[in-house]
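Asker: Here's my sequence, what's the structure:
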Amino acid sequence: MRVIQYIAAIDQGTTSSRCMIFDHDGAVVSVAQKEHQQILPRAGWVEHDPKELWINTREVVASALAKADLTKRDIAAIGITNQRETAVVWDRNTGEPVYNAIVWQDTRTDELCTRLGGDEGPGLYQKRTGLPLSTYFAGPKVRWILDNVDGARTRADAGELCFGTIDSWILWHITEGTHVTDVTNASRTLLMNLETLDWDPDICADFEIPLSMLPEIRSSSEIYGVGRPHGTLPGVPVAGILGDQQAATFGQACLSEGEAKNTYGTGNFLLLNTGTTPVHSKHGLLTTLCYKIGNAPAVYALEGSVAVTGSLVQWLRDNLGIISSAEDIEPLANSVDDNGGAYVVPAFSGLFAPRWRPDARGVIAGLTRFVNKGHLARAALEATAYQTREVIEAMRADSGVELASLKVDGGMVVNETLMQFQADILGVPVIRPVVSETTALGAAYAAGLAVGFWSGEQDIRDNWAMDKRWEPGMDEAESTRLFAEWNKAVERTYDWA
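Answerer: Presented below is the predicted three-dimensional model:
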């Protein structure tokens, strides 16, 4: 029998499902990935088929094992990481979803959030949950399903339905019906109390969500269950769950107070580790769980979430046809010297942190006859960097922590033009690690720690290695001018919807 040497991580993201297999050094041994359909029934609505997510997950796990010629005996544990606020409701007995998964980008609950907020508005639950009352989070999506799907409310009240974020949905199917989530995902529902780390019964009552629907909240690193007998990994412990951005923070070894990372994916997500005490934001950021390892105290974070960054590149490709693949944006952006005075503000589903303007919609500002598609490509990349600067300025105001450098990861960090512009507009070095897909790595670490594959956090720090560093090279007056122009463009997006 071969010695167990690897950890498998399932990364169920907004646009694709992936399985990555890692060795003890945190190096990638195998990877398989598959995109899934984006269902857009009407403006502002974004859905996924939960069954497709599960089928794709099974396929990528099997494929990743096959590519490296591995079997279940070679896998010590499974970690799960996921798109966080996306909500699924399913039948407790059959495992059948009652409706499509409602994705974090979906804005159909705007009126519901306004109604629930009443005179207090978005800040109603902020002290208890760390979150504004927003369409972004899972709680309002569950309420919408109960209110709008025939028979759902009656079945929920009878205890027949389960709710979960995608981690819970995947875990339920990998195991034989284990209904669990971890603190990081629970903290993105608007239903969990930050201090007690349990569901808040008063908020659940306000949302009219029966407590019987909710998964049990556990730590991010412990054995939740094992792979079902007829699955791809029978008997293998599932031992780590982290929401995708928290997983990336963990994978980037941001394990000390004051360490931050920025993930460039469908959206951008910047997390700052604030230690074992929650820091409540006064500047439009979210207070969230960073991770909780077994019985150790929970670690908190400040987070700035930007809704549209990588998906803006997809939009240029799929909706406008300006590029034929995502990789084409960099050479197109480099065909011009600057943005030509054009700014793209991708407020497709409103603006997230730090502005929280659900009424905003996207604009392209500063157009003249001079502007060509190269300028638009450059403006699209620059939009990502400007939005990141907004979040970092809010973090500095909340925490008093001066950023010395920015650790980056995610799909867009292969774009060196963007990384250099990010360093320029921030005025601090930008650092890319050797393993840039740190989301899956963080989930692997959480699972591996739970089964003793890694002995502790020092192993994670020791595995982290730098690949490339970009130093700021832009004159400060120029970066200030560009950022001021960007702000002018953003203000043109307000009061649209």
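
Asker: you'd agree Asp467 is in a helix?
Answerer: No. Counting by DSSP: H, G, I helix; E, B strand; the rest coil, Asp467 falls outside a helix, being strand.

Asker: Spit out the contact partners of it.
Answerer: By CB atoms under 8 Å, 6 or more residues apart in numbering, Asp467 lies in contact with 432-434, 436. In short, each C-beta sits where N, CA and C put it, glycine included.

Asker: now, which of those residues sits nearest Gly258?
Answerer: Gly258 has its nearest neighbour among the contacts of Asp467 in Pro433, at 18.1 Å by CB to CB.

Asker: so what's the closest one up against?
Answerer: 252, 407, 409, 464-467.

Asker: Take these and lay them out in a markdown table including pLDDT and distance to Ala489.
Answerer: Shown next, in a markdown table, are these (pLDDT from 0 to 100; distance: CB to CB, whole Å):
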| residue | pLDDT | distance to Ala489 |
| --- | --- | --- |
| Gln252 | 92 | 31 |
| Lys407 | 92 | 28 |
| Asp409 | 89 | 27 |
| Trp464 | 91 | 37 |
| Ala465 | 91 | 38 |
| Met466 | 93 | 34 |
| Asp467 | 94 | 33 |
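
Asker: By neighbours, which of those residues wins?
Answerer: Gln252 (27 neighbours; other CB atoms under 10 Å).

Asker: Surely that one touches Trp464?
Answerer: Yes. Taking contacts as CB atoms under 8 Å, Gln252 lies within contact range of Trp464: 7.0 Å.

Asker: quick one: contacts for the closest residue to Tyr264 other than its chain neighbours?
Answerer: Once flanking residues are discounted, Tyr264 sits nearest to Met412: 3.5 Å by CB to CB, 6 or more residues apart in numbering. With contact set as CB under 8 Å, 6+ apart, Met412 has these partners: 264-265, 309-310, 313, 384, 418.

Asker: Distance to Phe352 added to the contacts of Pro433, as JSON lines?
Answerer: Shown next, in JSON lines, are the contacts of Pro433 (distance: CB to CB, whole Å):
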{"residue": "Gln252", "distance to Phe352": "21"}
{"residue": "Lys407", "distance to Phe352": "21"}
{"residue": "Asp409", "distance to Phe352": "19"}
{"residue": "Trp464", "distance to Phe352": "28"}
{"residue": "Ala465", "distance to Phe352": "31"}
{"residue": "Met466", "distance to Phe352": "29"}
{"residue": "Asp467", "distance to Phe352": "28"}
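
Asker: Which secondary structure state is assigned to Val336?
Answerer: coil.

Asker: which non-adjacent residue is nearest Glu259?
Answerer: Closest to Glu259 by CB to CB, 6+ apart is Asn273, at 5.1 Å.

Asker: you'd agree that neighbour is up against Ala301?
Answerer: Yes. Asn273 lies in contact with Ala301 (CB under 8 Å); the separation is 5.6 Å.

Asker: Starting from the strand or helix carrying Ala76, tell me which strands it pairs with and how they run.
Answerer: Using DSSP states H and E, Ala76 falls within strand 75-82. Strand pairing for strand 75-82, determined by DSSP bridges: strand 6-12 (parallel), strand 237-243 (parallel).

Asker: Rounded mean pLDDT for the last one, please.
Answerer: It stands for strand 237-243. Taken as a whole, strand 237-243 has a mean pLDDT of 98.

Asker: cool, the first one as well?
Answerer: Along strand 6-12, the predicted local confidence has a mean pLDDT of 98.

Asker: where in this structure is pLDDT low?
Answerer: In the predicted model, the chain carries pLDDT under 70 at residues 1-3.

Asker: could you redo the last one with a cut-off of 50?
Answerer: 1 (pLDDT under 50).

Asker: thought Arg143 was touching Phe207?
Answerer: Yes. Between Arg143 and Phe207 there is a contact under CB under 8 Å: 4.9 Å.

Asker: quick revisit: tell me the one of the contacts of Met412 nearest Arg155?
Answerer: Gly265 (34.6 Å).

Asker: Need the nearest residue in space to the closest one, chain neighbours excluded.
Answerer: Gly410 (4.4 Å).

Asker: so who does that neighbour touch?
Answerer: Per CB under 8 Å, 6+ apart, neighbours of Gly410: 248, 263-265, 310, 436-437, 439.

Asker: Name the member of these with the shortest distance to Cys113.
Answerer: Distances from Cys113 to the contacts of Gly410, taken by CB to CB, are shortest for Gly265, at 24.5 Å.

Asker: Just give me the neighbour total for the closest one.
Answerer: By the measure other CB under 10 Å, the count of residues near Gly265 is 23.

Asker: How much space separates the residue nearest to Val336 when sequence neighbours are not counted from Thr417?
Answerer: For Val336, ignoring the flanking residues on the chain, the nearest one in space by CB to CB, 6+ apart is Gly374 at 4.0 Å. Gly374 sits 12 Å away from Thr417, going by CB to CB, to the nearest Å.

Asker: hang on, the earlier thing: now the strands paired with strand 75-82 in CSV, with mean neighbour count and distance to Arg58?
Answerer: Compiled in CSV, the strands paired with strand 75-82 are given as follows (neighbours: other CB atoms under 10 Å; distance: least, CB to CB, whole Å):
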stretch, mean neighbour count, distance to Arg58
strand 6-12, 29, 10
strand 237-243, 30, 14
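
Asker: Compare those and give me the one nearest Ser30.
Answerer: Per CB to CB, nearest to Ser30 of the strands paired with strand 75-82: strand 6-12, 8.5 Å.

Asker: what about that closest one, distance to the chain center?
Answerer: In this view, strand 6-12 has its centroid 16 Å away from the chain centroid, taken as CA atoms, centre = their mean, to the nearest Å.

Asker: for the stretch 151-300 of the chain, what spans make up the helices?
Answerer: 152-157, 166-174, 183-186, 201-207, 244-251 (DSSP state H, counting those that start in this stretch).

Asker: most neighbours per residue, which of those?
Answerer: helix 244-251 (a mean of 32; mean count of other CB atoms under 10 Å).

Asker: quick one: the strands in the stretch 301-450 of the chain?
Answerer: Ranges of strands in the stretch 301-450 of the chain, per DSSP state E, counting those that start in this stretch, are 343-345, 363-365, 406-409, 430-433.

Asker: Could you point out which of the helices of the stretch 151-300 of the chain sits nearest Ile329?
Answerer: helix 244-251 (22.2 Å).

Asker: Just the residues contacting the closest one, thanks.
Answerer: With contacts defined as CB under 8 Å, 6+ apart, helix 244-251 is touched by 11, 13, 79, 81-84, 184, 220, 242, 261, 263, 265, 269, 271, 273, 288-291, 301, 303, 305, 409-410, 435, 438-446, 460.

Asker: Tell me how far it lies from the chain's centre.
Answerer: Centroid displacement of helix 244-251 relative to its chain, using CA atoms, centre = their mean, is 9 Å.

Asker: quick one on the thing from earlier: the residue nearest to Glu259 and Lys261, how far apart?
Answerer: Distance of Asn273 to Lys261, computed by CB to CB: 9 Å.

Asker: Residues that sit against both of those two, list them.
Answerer: Joint contacts of Asn273 and Lys261 (CB under 8 Å, 6+ apart) are 249, 254.
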